[in-house]
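Chemist: quick one: sequence and predicted model below, then my questions.
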Amino acid sequence: MFGNKDVPVYLFTGFLESGKTTCIQEILEEGNFEDGLKTLFIITEEGESEVDENLLRYNKVTTVVIEDEEDLTEEKCHAMVKEHKPARIMIEVNGMWDVAKLVNETIPENWVVVQTFTTVNAETFSMYINNMKPLLMAHFQQSDLVIFNRCRQDMDRAGMRRNVKAINRQAQVLFESEDGSVESNIAEELPYDVTADRIVLEDDDFGLWYLDVSEHPDKYEDKTIVFKGQVYRNRSFPADTFVPAREAMTCCADDIAKIGFICHYKDTAKLTNDQWVTVSVKVKPEYSRKNQSLFPVLWAEQVETAEPPAESVVYFS
């Protein structure tokens, strides 16, 4: 029965005392697993709080504790399924573990990750972003839902959200205040007038515009955007298209990569790779079946040779 059958997996990531256990407790209390099916709950670190034992029994949840990363192997996973015969699996992931390795190498192929939750203690976020940014970004990159808890009104929620969206544009971001209220619609303070028909981006504005137009392409539909970028093309691109790109650092210096959007331009053949240009483009959102959402496509009205910006790398925080 459980040989090759897909088993849904729910991951809960985040550093110690970030609120992972509380998140799991709330999901169980809300009745999400009240279907009479067995759940295997793999705990890879034990914090100060634990999920209520009565709640676990009521939801037919069996817990297994594995504290050492090397002890959670594919063979161990198969053995746990054979012993407990779960219909689904929850894994509370140690914040210091390699989440990508866990998903892509450790767990069996038929363990299908259907949702990943990441919890962040907003009070310690600055410390982690300054000292352990690659690890934190690895959590964000895998996550479907990022929950910042213990938020205060004086905290930079837009900056927190920007850090998530820079590495994972598809992730949903929620902010839970100390009183238990939850907010998701955090407005970004943009350095340009988004209501204008023509928006000229300063070199430092590209990162904020890139994130905002990625998430809200309809907001920029038919607007003219002027900005500076480097020509990027490869053989897979359709004829008469290129990307006016910028190099961006989402995590660390080793993580610098080009970002940008496909741009249609009739004289693309005259451009050379890595050439700096100032483009004047119209934004035309198109529907992506893969992501089931709109994404921005650019149509160039004018492309002119330009000098490189003073700072070639884009930052998001």
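Modeler: Thanks, I have it. Numbers count the residues shown, from 1 in each chain.

Chemist: worst-scoring helix or strand of the chain, pLDDT-wise?
Modeler: Counting by mean pLDDT, DSSP states H and E, the chain has its least confident helix or strand at strand 313-315, which shows a mean of 89.

Chemist: what about the protein, any weak spots by pLDDT?
Modeler: By pLDDT under 70, the low-scoring segments of the chain are 1-4, 252-253, 317.

Chemist: please pick out the residue of it most distant from its centre.
Modeler: Here the centre of the chain is the reference, and by Cα atoms, centre = their mean the most remote residue is Lys270, at 36.2 Å.

Chemist: need the contact list for that one.
Modeler: Lys270 sits next to no residue when contact means Cβ atoms under 8 Å, 6 or more residues apart in numbering. Quick note: C-beta positions are derived from backbone N, CA and C, even for glycine.

Chemist: before we move on, what about the one 10 residues further on?
Modeler: For Ser280, the contacting residues are Thr224, Ile225, Val226, Ala300, Glu301, Gln302, Val303, taking Cβ under 8 Å, 6+ apart as the criterion.

Chemist: give me that answer again for 6 Å
Modeler: For Ser280, the contacting residues are Val226, Glu301, Gln302, taking Cβ atoms under 6 Å, 6 or more residues apart in numbering as the criterion.

Chemist: now do the strands in the stretch 101-250 of the chain.
Modeler: In the stretch 101-250 of the chain, strands defined by DSSP state E, counting those that start in this stretch lie at 111-121, 145-151, 172-177, 182-183, 198-200, 224-232, 241-249, listed in chain order.

Chemist: mind putting the ones you listed in TSV, distance to Tyr58 included?
Modeler: Rendered in TSV, the data for the strands of the stretch 101-250 of the chain read as follows (distance: least, Cβ to Cβ, whole Å):
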stretch	distance to Tyr58
strand 111-121	21
strand 145-151	24
strand 172-177	25
strand 182-183	25
strand 198-200	55
strand 224-232	54
strand 241-249	47
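
Chemist: which one of those lies closest to His264?
Modeler: Nearest to His264, of all these, is strand 241-249, at 5.5 Å by Cβ to Cβ.

Chemist: relative to the closest one, what are the paired strands and their orientations?
Modeler: Applying DSSP bridges to the sheet, strand 241-249 is found paired with strand 224-232 (antiparallel), strand 256-259 (antiparallel), strand 263-264 (antiparallel), strand 313-315 (parallel).

Chemist: now do Asn130 against Glu92, distance only.
Modeler: 25 Å (Cβ to Cβ, to the nearest Å).

Chemist: more neighbours: these two, which one.
Modeler: Set side by side, Asn130 and Glu92 show unequal neighbour counts under other Cβ atoms under 10 Å, the larger going to Glu92 at 24 against 8.

Chemist: quick one, phi psi at the more buried one?
Modeler: As for Glu92, its main-chain torsions (degrees, to the nearest 10) stand at phi -90, psi 100.

Chemist: neighbours of the closest residue to Glu183 other than its chain neighbours, how many?
Modeler: Nearest residue to Glu183, sequence neighbours excluded (Cβ to Cβ, 6 or more residues apart in numbering): Phe175, at 4.9 Å. Phe175 sits with 22 neighbouring residues when counted by other Cβ under 10 Å.

Chemist: so what's Phe175 bridging to?
Modeler: When bridges are taken as DSSP bridges, the partners of Phe175 come out as Phe148, Glu183.

Chemist: can you give me the distance of it to Val182?
Modeler: For Phe175, the distance to Val182 (Cβ to Cβ) stands at 7 Å.

Chemist: repeat for Val297
Modeler: Distance from Val297 to Val182, counting by Cβ to Cβ: 34 Å.

Chemist: looking at the two, which has the bigger crowd around it?
Modeler: Between Val297 and Val182, counted using other Cβ under 10 Å, the more crowded position is Val297 (17 against 11).

Chemist: the helix or strand containing the more buried one pairs with which strands, parallel or anti?
Modeler: Val297 is part of strand 293-305 when elements are defined by DSSP states H and E. For strand 293-305, sheet partners with direction are given as strand 263-264 (parallel), strand 276-288 (antiparallel), following DSSP bridges.

Chemist: just these: most buried one?
Modeler: When the strands paired with strand 293-305 are scored by mean count of other Cβ atoms under 10 Å, the highest mean neighbour count falls to strand 263-264 (a mean of 20).

Chemist: ok, and what's touching stretch 208-220?
Modeler: Taking Cβ under 6 Å, 6+ apart as the rule, stretch 208-220 contacts Lys165, Arg169, Leu201, Val283, Pro285, Leu294, Pro296.
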